[in-house]
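[1] Got a predicted model here, sequence first, then my questions.
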Amino acid sequence: MHEPITSVANSRIKRLVKLRDRRERDESGVFLIEGFRELTRAVDGGLAVNEIYFCPELFLGDNEEPLIERAVAGGAEPIEVASPVFHKISYRDRPEGLIGLADQFPATLEGLEPSSNPLILVVESIEKPGNLGTMLRTAEAAGVDAVIVCEPTTDLFNPNVVRASLGCLFLVPLAVSSTPEAIRWLAERGIHTLAATPSAATSTWHADFRGPSAIAIGSEQYGLTNTWLQQAGEQIRIPIRGQVDSLNAAMAAGVLLFEAVRQRSTANPDPVPRT
């Protein structure tokens, strides 16, 4: 193992700081994974970590060393750094003393393997990394077959996506595609698309999610494009009783996904009857 890095001018440290920028991530093909839970889920998900940077004085407990050992067993190079150096490379106000460096992984429609009765979340042009990460976390909690990210305005490997997903980025099957490609892929597999829009006539409670279903959520500012609204099998809306006209995109995804989970459960198999 190397001697601990104590200088923020070290070439490795300078490289890590540059990876906060998307262009640098895209050009280098690597990204950062910060935090105990995030790194644990990356390792659990089979992602190979190339390098793992750690600062023992920032550890929160006794579980960090076994995680480092697991990452090293998978091929990671362990690199200890001093506290001031770790604070320099950390993306957080309260770092936990662990940062991994890994290769970006492919996320294609061809790589998805939906079940015979899939539930899929489709998100289009989501602007905020925190919202995209929260959607991935929520989708994994709902047990979706896949998340399809269409026309992304933020990349999957943004540090805030990794953080907000709590590492679920590494657990849920993912694809990045254009909107036409996603629509064609879903249609070829007979998956019914339900497009969320405040102007829809059909309430969420009256929609049927029990068959092969894809729930499509649009951007925070503009919603879904006309392409989705015109070609989706059905338009649905979340009933809102207050004065706001819509929910945060990540919140909307949670409401819709867990209505689908409710309908698909053995305890509550039926959608609410139409009135």
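    Looks like it came in fine.
[2] Only C-alpha atoms from now on, for both contacts and neighbour counts.
    Will do.
[3] Quick check: phi and psi on Ala200?
    Main-chain torsions, Ala200, degrees, to the nearest 10: phi -70, psi 150.
[4] okay, it: pLDDT?
    Predicted confidence (pLDDT) at Ala200: the value is 95.
[5] Count the residues that sit near Thr225.
    14 (other CA atoms under 10 Å).
[6] Which residue, other than its chain neighbours, is closest to it?
    Gly218 (7.3 Å; CA to CA, 6 or more residues apart in numbering).
[7] The one you found and Thr204, how far apart?
    16 Å (CA to CA, to the nearest Å).
[8] One more: Glu3?
    Noted for Glu3: a distance of 58 Å to Thr204, by CA to CA.
[9] same thing with Ala107?
    Distance, Ala107 to Thr204, by CA to CA: 29 Å.
[10] between the two, who's got more neighbours?
    Set Ala107 next to Thr204 and count neighbours by other CA under 10 Å: Thr204 wins out with 22 against 17.
[11] what about that one, distance to Leu256?
    Distance, Thr204 to Leu256, using CA to CA: 7 Å.
[12] go on, Arg20?
    Using CA to CA, Arg20 is found at 32 Å from Leu256.
[13] Neighbour count for these two, which is higher?
    Summary of the neighbour comparison: Arg20 and Leu256, criterion other CA under 10 Å, with Leu256 having more neighbours (23 against 19).
[14] contacting residues for that one?
    If you count contacts by CA atoms under 8 Å, 6 or more residues apart in numbering, Leu256 has them with 204, 215, 238.
[15] Narrow those to those in strands?
    Those of the contacts of Leu256 mapping onto strands are Ile215, per DSSP state E.
[16] Looking at the contacts of Leu256, which one is closest to Ile33?
    For Ile33, the nearest member of the contacts of Leu256 is Ile215. The distance, counting by CA to CA, is 28.4 Å.
[17] and that closest one, bridged to which residues?
    In this entry, Ile215 is beta-bridged to Leu121, Leu194, by DSSP bridges.
[18] same question, Glu80
    Under the criterion used (DSSP bridges), Glu80 bridges to Phe54.
[19] So this structure: which segments form each domain?
    Following automatic domain parsing, one finds the domains of the chain at 11-103, 109-264.
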